[in-house]
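A.B. asks: structure for the following, please:
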Amino acid sequence: MKIAISGKGGVGKTTIMALLAREFKRQGKDVLLIDADPSPHMAETLGITNARDITPIAEMTRLLTERSGKTPGSPFYQLNPQVNDLLEDFMIRQDGYKLMVLGAIQTAEGGCACPENHVLRKMLKKMLLTADEVVLLDMEAGVEHLGRGTVAGVDHLLIVVIPSRSSIRTALKIKKLADEVRIPHIWFVANLVQDEADRSFLRKGLGAEPIACFPDSKSIRNAERQETPVVTVDDALDSAPGKIVQQLLG
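C.D. replies: Next up, the predicted model:
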């Protein structure tokens, strides 16, 4: 199963992704997490101690350029660069989790046609098509990843939204674009919900019922402030992670 998580910046995507990874692992699933945020911090959220050993794919500029088959000065790229052998080289394993960090893409040219973006998309697509485990992708905030086709091949898109008008606006825009690229299953997940008024506000603004509501958890908030791995926090969270996993496993 391939699951991407998206939403406006600051809504708690990474925290929810880590909690879902913990729930899937509890159910015996082989969990692979891909941190595709330009400011990655999934390793800290999971408590992976040797995060410095992870080499972000985007830093391997020369290798990626070679794999893309681009001749200097030429606008053309290979359509099917060979990337399968790269997967293990950029993956780290600890405490039953596997983690890859795509890293920030920073080139002078920028744009979707750069070698890094081309090979990253291809690698991600091939990994998703060949993986047997549950794959969780923590996408960058906003809607850019949908425009670049980075989430191609996922089975589910979880859109995290908090009780604010700006978050709802972004969530609805993500939903519209996700529909256009034909992601099979798109779900809203509410976070930082304090009461029924928050739930009602979200239902009205989204025009749909979130599949789960994460409460505004003091223990999770304290863990993040103290840089304690979120997956070690013992908080029932209104059983929200379990509800999502049950819905996705269907």
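
A.B. asks: which residue ranges of this protein form helices?
C.D. replies: Ranges of helices within the chain are 13-26, 42-46, 61-68, 115-130, 144-148, 165-180, 196-206, 218-225, 240-249, based on DSSP state H.

A.B. asks: so where is this structure shaky, pLDDT-wise?
C.D. replies: Applying pLDDT under 70 to the chain picks out residues 58, 60-65, 67-84, 86, 103-132, 143-150, 152.

A.B. asks: any idea how far D198 is from A36?
C.D. replies: To D198, A36 is 29 Å away according to CB to CB, to the nearest Å. Heads up, the C-betas are built off the backbone N, CA and C, glycines and all.

A.B. asks: same check, this time on K218
C.D. replies: Between K218 and D198 the distance is 16 Å, computed by CB to CB.

A.B. asks: tell me which of these two has more neighbours.
C.D. replies: D198 (18 against 9; other CB atoms under 10 Å).

A.B. asks: so what's the more buried one up against?
C.D. replies: P163, A190, L192 (CB atoms under 8 Å, 6 or more residues apart in numbering).

A.B. asks: try L157
C.D. replies: Contacts of L157 by CB under 8 Å, 6+ apart are I3, A4, I5, S6, V151, I174, A178, I183, H185, I186, W187.

A.B. asks: nearest the geometric middle of the chain, what residue?
C.D. replies: D138 (1.4 Å; CA atoms, centre = their mean).

A.B. asks: just checking, that one touches G12?
C.D. replies: No: taking contacts as CB atoms under 8 Å, D138 lies outside contact range of G12: 11.0 Å.

A.B. asks: show me what the top strand by length along the chain is packed against.
C.D. replies: Longest strand in the chain, counting residues (DSSP state E): strand 185-193. Packing partners of strand 185-193 (3 or more CB pairs under 8 Å, 6 or more residues apart in numbering; DSSP states H and E): helix 13-26, strand 156-161, helix 165-180, helix 196-206, strand 212-215, helix 240-249.

A.B. asks: so what touches the first one?
C.D. replies: With contacts defined as CB under 8 Å, 6+ apart, helix 13-26 is touched by 3, 5-7, 31, 33, 35, 37, 41-42, 45-46, 96-97, 134, 136, 138-139, 141, 158, 160, 189, 191, 214, 220, 224, 229-231, 237, 240-242, 244-245.

A.B. asks: if we use 6 Å, what do you get?
C.D. replies: 5, 7, 31, 33, 42, 45-46, 96, 134, 136, 138, 160, 230-231, 241-242, 245 (CB atoms under 6 Å, 6 or more residues apart in numbering).

A.B. asks: now these: which count as buried?
C.D. replies: For these, a neighbour count by 16 or more other CB atoms under 10 Å gives the buried set as 5, 7, 31, 33, 42, 45-46, 134, 136, 138, 160, 230-231, 241-242, 245.

A.B. asks: tell me the one of the residues you listed nearest V101?
C.D. replies: For the buried ones among the contacts of helix 13-26, the residue nearest V101 by CB to CB is M42; the value is 7.2 Å.

A.B. asks: excluding sequence neighbours, find me the nearest residue to I168.
C.D. replies: Nearest-residue entry for I168: G205, 4.0 Å, with adjacent residues in sequence omitted and distances by CB to CB, 6 or more residues apart in numbering.

A.B. asks: what's the burial count for that neighbour?
C.D. replies: 17.

A.B. asks: can you check E209 too?
C.D. replies: E209, neighbours per other CB under 10 Å, totals 13.

A.B. asks: mind listing what it touches?
C.D. replies: R203.

A.B. asks: so who does A141 touch?
C.D. replies: So A141 contacts G9 (CB under 6 Å, 6+ apart).
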